[in-house]
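Undergrad: Below are the sequence and a predicted model; questions follow.
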Amino acid sequence: MIDTRDKILDTNSESLDVAAIRRDFPILDEVENGQKVAYLDNGASSQRPEQVINAMLEYYHKYNANIHRGVYRWSEEATRGYEGAHRKVARFINAYSPREVIFTRNTTESLNLVAYAWGRANVREGDEIVSTVIEHHSNLVPWQILAAEKKATLRYIPMTKTGQLDISDLNTIVNEKTKLVAFTHMSNVLGAISPVDAIVKRAKEVGAVVVIDGAQSAPHMPVDVQALGCDFYAFSGHKMLGPTGIGVLWGRRAILEEMPPFITGGDMIRDVTLARSTWNDLPWKFEGGTPSIAEGIGLGAAVDYLSKLGMDKVRQHEIELTAYALEQMAGIPDLTIYGPTDPATRGGIISFNLGDVHPHDLATMLDREAIAVRAGHHCCQPLIELLEATATTRASFYIYNTPEEVDRLVAALHKARKVFHLD
Amino acid sequence: MIDTRDKILDTNSESLDVAAIRRDFPILDEVENGQKVAYLDNGASSQRPEQVINAMLEYYHKYNANIHRGVYRWSEEATRGYEGAHRKVARFINAYSPREVIFTRNTTESLNLVAYAWGRANVREGDEIVSTVIEHHSNLVPWQILAAEKKATLRYIPMTKTGQLDISDLNTIVNEKTKLVAFTHMSNVLGAISPVDAIVKRAKEVGAVVVIDGAQSAPHMPVDVQALGCDFYAFSGHKMLGPTGIGVLWGRRAILEEMPPFITGGDMIRDVTLARSTWNDLPWKFEGGTPSIAEGIGLGAAVDYLSKLGMDKVRQHEIELTAYALEQMAGIPDLTIYGPTDPATRGGIISFNLGDVHPHDLATMLDREAIAVRAGHHCCQPLIELLEATATTRASFYIYNTPEEVDRLVAALHKARKVFHLD
Amino acid sequence: MPGETVRDDLEMEYVLELAAAFDKQMRGHVVQNPDITFEDSNPLCGDKFKVSLKLNEDGEIEDVGFTGRGCAISRASAMVLIDEIQGHSYKDVDEVTRDMLIDELGIEINSAVRLKCAGLALRTVKTGLQKSGYKVTNAEEEDWAETD
Amino acid sequence: MPGETVRDDLEMEYVLELAAAFDKQMRGHVVQNPDITFEDSNPLCGDKFKVSLKLNEDGEIEDVGFTGRGCAISRASAMVLIDEIQGHSYKDVDEVTRDMLIDELGIEINSAVRLKCAGLALRTVKTGLQKSGYKVTNAEEEDWAETD
Ligand SMILES: Cc1ncc(COP(=O)(O)O)c(C=O)c1O
Ligand SMILES: Cc1ncc(COP(=O)(O)O)c(C=O)c1O
């Protein structure tokens, strides 16, 4: 165990320089109850480095203006910054062109965009839509609504006992009637990384469109939408060092060109008469109204920050930290850990329960130790039911988390056993 | 003329203390081509005071976390700040309850929310929807799409020669078939304030739902949704000192309760099973996914700032500045000014054309004088056609604008006559 | 002990005791011919309570039963609530607020989620009464985070 | 004069001259039996150009005509474009970029809107050629604001 810990601490290794990273996040020096806050709720939202905050400040202080239409320098610079952020994101996920990158509010809106604009134009009565039992509500409810509206059938890929998607019946579940397959790249409860290749291969055999929820993968591992082979990929800025209020939908150009628009109004039109309207070029066709300009610029800075670190290293850091945490937590009596056990097949998300202590009560106790975790159903009620739990407590890591913070979590869990009379 | 100018400059009057206000906006000291920028593009987007920027910075630096679900102080404070902003906005527009205040990205999304969620559930074949010929595309295109989808008829309230809505045929246009009437509170091209009372009265006679586009009114005059008598009221944060990425839809509670949701997924549900889902309380039912948290908090600070100034004074300042500008501009040969001439019936938006100089070329010339204006169709193509113009140049004022800036605009327009060989 | 704020590591102690008392009292307890049954849930975590209330002709609450699942805080505050309202007129429910219950638990509550936990039983009772036509204060407004 | 940057108040002078030349040359000019006609617009302002091109069997552009409406910059850059491509092979259109046209106008362009003005005629010609199966560089990429 000490090996893993030392490896992470060894700055000569190929790992991230966590000490240097932490200097970019002054909030991590905030103290609660006499201790620095161990922020282990990154699955919900990450912190943002000064570089991201400063990029937005610079916009507000130096060239604050609406984009596209202004005939003066501020507006020009704002346009450059906002359009440039699309280009940065395109490079980050290896999109063919920035025109395939649509800025939304968050993953949820990105997935709704597909359900409304693609779904309502392409799904018909009797068709099938496939999702999975492990999905976040945002990748589940929109398909329920679409299926109900179109009288289509919604089918679910089940889960194995070890918390992986169970693709043994894939060829039945995804079949000739399937029009769309939507699944998460990484579970936000179990950390499990999905078998993308197998699902995409099968979906493509039957000509279904593939939607990947990348909310938990884009921030934490290298993502190449071309290699994934999907048609849509959705993620959120606020989980990847970016500001709130900005998300991304990547879509294949040919599909986006064919799709009707979603949010309509200013900036997404080419020509409007009282009788009818025509649409602007991609991606503007899907970005109606004044967009989240400062937030787009902030997301661009977040992508710069992550790219500079290198997403391989980000992933490596989290594998090491997760391995260490799983090792340490294995020694805690009464602790149930959900999901796969091999850190190579999962992200830095660990959900657990301590005896029959309600996760809320456990999280409250951890909060007294200045450890910020999440407790609840994590917007995955069907999965939580399957785990036969009321809820879980979840610790989730990012680039600035350290083995010391894991140690504090482990110590606090030992202490919790006393507080809740489990010993 | 000098009278008006002096009145505005007289800090003993009931007017705003513009010099003090400007200190909150350091960007206004930025220099272009040797002069401070005269920012006269407020109709597109306003500047933001330090108070707003600092409120967001504080969130990012002191309590950055996702809302609602976190069991630790940061998340609790973020929740308080974000929910509190709803309460502030509710007070600002005199809503019955913060539950009637839905945060969106912008006016455009607010109007689309009504078109999708209310419109698709309530408009049927043969029904009629009424909009007007002066609308911003955001209050026009969503109704075109809704009408086309539902095979409903879209009718338009016309415009008078003087640039006011022409309500002489209102009783025919709004009739028993009318399900929804959508119109702007203040034209973003002409500045004209709409005859709200007459339209609302007629709409209510026939039982139609009334949607008011408040993008240009909420920032610039006192707004009381109860007094207006409408059912929905939409506006944008970025035009009223708030950040980008946040807008508001106010709706009457009883109507919102009946409506199906729009964006579905995390945070807007009460219970999710694989078979079906139920919805959270208002307004969360309409705020699916991680919201624009920092931006919501920023909007709360913007509303505080405006409330402290007093919206009556804001309006008074703009009436005075507009009166002064209209007086001064009347002396420029070849200048056509659109819209009503009485400052009491219009906001601080002045659209004009100088001879046959293309507005883009004129705006470029003004930019060389460090005067930031807008040129184009202002997202109102049908209206621009009616004005028999290709486009217009538009100057629009806000709390920090001064008579000196008007003087600079007027001087530059005189100069433009020479540059473009009109003299 | 009620009302006293315990701030050490064992400050959950009293809450856990109350929750255990709640579990014991509710186990197997069935309200006969309830006048009101109502289920509510905390959308933040999926915890749910179903309340059953028996009222006599004077509007006094004769019996209270809860089923469902909840954390220690929600169960403890339900226990306090039962003590407050059983044998009293439904009108007295109006005088109970979430803050009173939290005070009684003797803990400091640090998060919006936990506030909703502490208020779940009260919300369920109040909304149940309202939906059956009894006039009590609007419970849901307590679910709104307070600001300055 | 082409290529020279004039930075005083009269820097529009050359642009206005070119725009006037464009107006004069296009007035009443009709391309007979055009091989390509294509209309494009600037969604930011509603300005539109419709181009008509006549090509001979060698792929040389014999005649160019524009109708529609545009600001001085869009008309001036259309004038420069016509001079560049008339009498040349359609393949040479590939060598024309928006930046070249702007250089030729001798003005400094400060805004994304004006960049689109300056590129409207070129975009219309290139997209028109593309839609008719002629291989030229993708015009629309020039419409993307550049970063660092
Ligand atoms: C009258 C009017 N309606 C709607 C809008 C759209 O606002 P937004 O772009 O913030 O959605 C605007 C602003 O451009 C406007 O002026
Ligand atoms: C897997 C997954 N999908 C979707 C979402 C929704 O993201 P957002 O709330 O940013 O829309 C989340 C985050 O909560 C997630 O973890």
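TA: Looks like it arrived, so ask away. Ligands and ions are numbered 1, 2, ... in the order given.
Undergrad: rest of the way, CA atoms for contacts and neighbours
TA: Will do.
Undergrad: Tell me the predicted confidence for C:W144.
TA: Looking at C:W144, its pLDDT stands at 74.
Undergrad: if I pick it, what's in contact with it?
TA: Residues in contact with C:W144 (Cα atoms under 8 Å, 6 or more residues apart in numbering or on different chains) are B:E83.
Undergrad: From A:V200, how far off is A:V225?
TA: Applying Cα to Cα, to the nearest Å, the value for A:V225 to A:V200 is 12 Å.
Undergrad: Repeat that for A:V114.
TA: As judged by Cα to Cα, A:V114 and A:V200 stand 17 Å apart.
Undergrad: so, in contact with chain A or not, stretch C:63-74?
TA: Yes - under the criterion of Cα under 8 Å from any Cα of the partner chain, chain A is reached by stretch C:63-74 at C:69-73.
Undergrad: ok, is that stretch in contact with chain B or not?
TA: No - counting by Cα under 8 Å from any Cα, no contacts exist between stretch C:63-74 and chain B, the nearest distance being 12.6 Å.
Undergrad: Tell me which residue is most central in chain C.
TA: Centroid check for chain C by Cα atoms, centre = their mean gives C:A121 as the closest residue, at 2.9 Å.
Undergrad: got a list of contacts for stretch A:261-275?
TA: By Cα under 8 Å, 6+ apart, stretch A:261-275 touches A:113, A:116-117, A:277-281, A:284-290, B:108-109, B:112, B:133, B:136-142, B:144, B:379, B:381-382, D:41-44, D:46.
Undergrad: Which PyMOL command selects the buried ones in these?
TA: Filtering the contacts of stretch A:261-275 down to the buried ones (16 or more other Cα atoms under 10 Å in any protein chain shown) takes a single PyMOL command:
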select buried, (chain A and resi 113+116+117+277+279+280+284+285+286+287+288+289+290) or (chain B and resi 108+109+112+133+136+137+138+139+140+141+142+144+379+381+382) or (chain D and resi 41+42+43+44+46)
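Undergrad: Mind checking which of the contacts of stretch A:261-275 are in strands?
TA: Judged by DSSP state E, the subset of those located in strands is A:277-279, D:41.
Undergrad: got any ranges where chain A has weak pLDDT?
TA: Across chain A, residues meeting the criterion (pLDDT under 70) sit at A:1-14.
Undergrad: where does the residue in chain C that ligand 2 sits nearest to sit relative to A:T132, distance-wise?
TA: Taking Cα to the nearest ligand atom, ligand 2 has its nearest neighbour within chain C at C:L44, 12.4 Å off. From C:L44 across to A:T132, the span is 22 Å (Cα to Cα).
Undergrad: Repeat that for C:S111.
TA: Relative to A:T132, C:S111 is positioned 32 Å away (Cα to Cα).
Undergrad: Quick check: A:T184 touching A:S194?
TA: Yes - between A:T184 and A:S194 there is a contact under Cα atoms under 8 Å: 6.9 Å.
Undergrad: So these two - more neighbours on which side?
TA: Neighbour totals were compared for A:T184 and A:S194, and A:T184 leads with 27 against 19 (other Cα atoms under 10 Å in any protein chain shown).
Undergrad: The more buried one - nearest residue in space that isn't next to it in sequence?
TA: Leaving aside its chain neighbours, A:T184 sits nearest to A:D213 (4.4 Å; criterion: Cα to Cα, 6 or more residues apart in numbering or on different chains).
Undergrad: and that neighbour, how many neighbours?
TA: A:D213 has 28 neighbours, counted by other Cα under 10 Å.
Undergrad: partner residues bridging it?
TA: Taking DSSP bridges as the rule, A:D213 bridges to A:T184, A:A234.
Undergrad: Looking at the residues of stretch C:63-74 next to chain A, spot the one nearest chain D.
TA: Checking the residues of stretch C:63-74 next to chain A against chain D with Cα to the nearest Cα, the nearest one is C:C71 at 52.1 Å.
Undergrad: That closest one and A:L362 touch, don't they?
TA: No - counting by Cα under 8 Å, A:L362 is not a contact partner of C:C71; they are 9.5 Å apart.
Undergrad: The helix or strand where A:V130 lies packs against which elements?
TA: Under the criterion of DSSP states H and E, A:V130 resides in strand A:128-132. Applying 3 or more Cα pairs under 8 Å, 6 or more residues apart in numbering or on different chains; DSSP states H and E, we find strand A:128-132 packed against helix A:141-150, strand A:153-157, strand A:178-184.
Undergrad: Quick check: buried residues in the helix or strand just after the last one?
TA: Going back to what we said before, that points to strand A:178-184. Using DSSP H and E, the helix or strand that directly follows strand A:178-184 along the chain is helix A:196-205. For helix A:196-205, burial by neighbour count (16+ other Cα under 10 Å) applies to A:196, A:199-200, A:202-204.
Undergrad: Next, format those as a markdown table and append distance to ligand 1.
TA: Formatted as a markdown table, the buried residues of helix A:196-205 follow (distance: Cα to the nearest ligand atom, whole Å):
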| residue | distance to ligand 1 |
| --- | --- |
| A:V196 | 37 |
| A:I199 | 38 |
| A:V200 | 37 |
| A:R202 | 41 |
| A:A203 | 37 |
| A:K204 | 38 |
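Undergrad: Can you name the two of those residues that sit furthest apart?
TA: Of all pairs drawn from the buried residues of helix A:196-205, the widest gap by Cα to Cα lies between A:V196 and A:K204 and measures 11.9 Å.
Undergrad: just the strands in chain C please.
TA: Under DSSP E, chain C gives strands at C:36-41, C:48-55, C:61-69.
Undergrad: Does chain B have contacts with the second one?
TA: No - using Cα under 8 Å from any Cα, no contact is recorded between strand C:48-55 and chain B, whose separation bottoms out at 10.1 Å.
Undergrad: I'd like to check the angle between that strand and strand C:61-69, please.
TA: Comparing the axes of strand C:48-55 and strand C:61-69 via axes from the mean of the first three to the mean of the last three Cα atoms, to 10 degrees yields an angle of 170 degrees.
Undergrad: now do the shortest one
TA: Taking the same axes, to 10 degrees, strand C:36-41 and strand C:61-69 form an angle of 30 degrees between their directions.
Undergrad: which secondary structure elements does strand C:36-41 contact?
TA: Identification of packing neighbours for strand C:36-41 by 3+ Cα pairs under 8 Å, 6+ apart yields strand C:48-55, helix C:112-131.
Undergrad: For B:R22, which of these is the nearest?
TA: In terms of Cα to Cα, the element of the helices and strands packed on strand C:36-41 nearest to B:R22 is helix C:112-131, at 37.5 Å.
Undergrad: In that closest one, which residues are buried?
TA: By neighbour count with 16+ other Cα under 10 Å, helix C:112-131 contains the buried residues C:112-129.
Undergrad: what's across from A:K36 in the sheet?
TA: Per DSSP bridges, the residues bridged to A:K36 are A:V31.
Undergrad: thinking it is in contact with A:D29, fair?
TA: Yes - between A:K36 and A:D29 a contact is recorded at 5.7 Å, counting by Cα under 8 Å.
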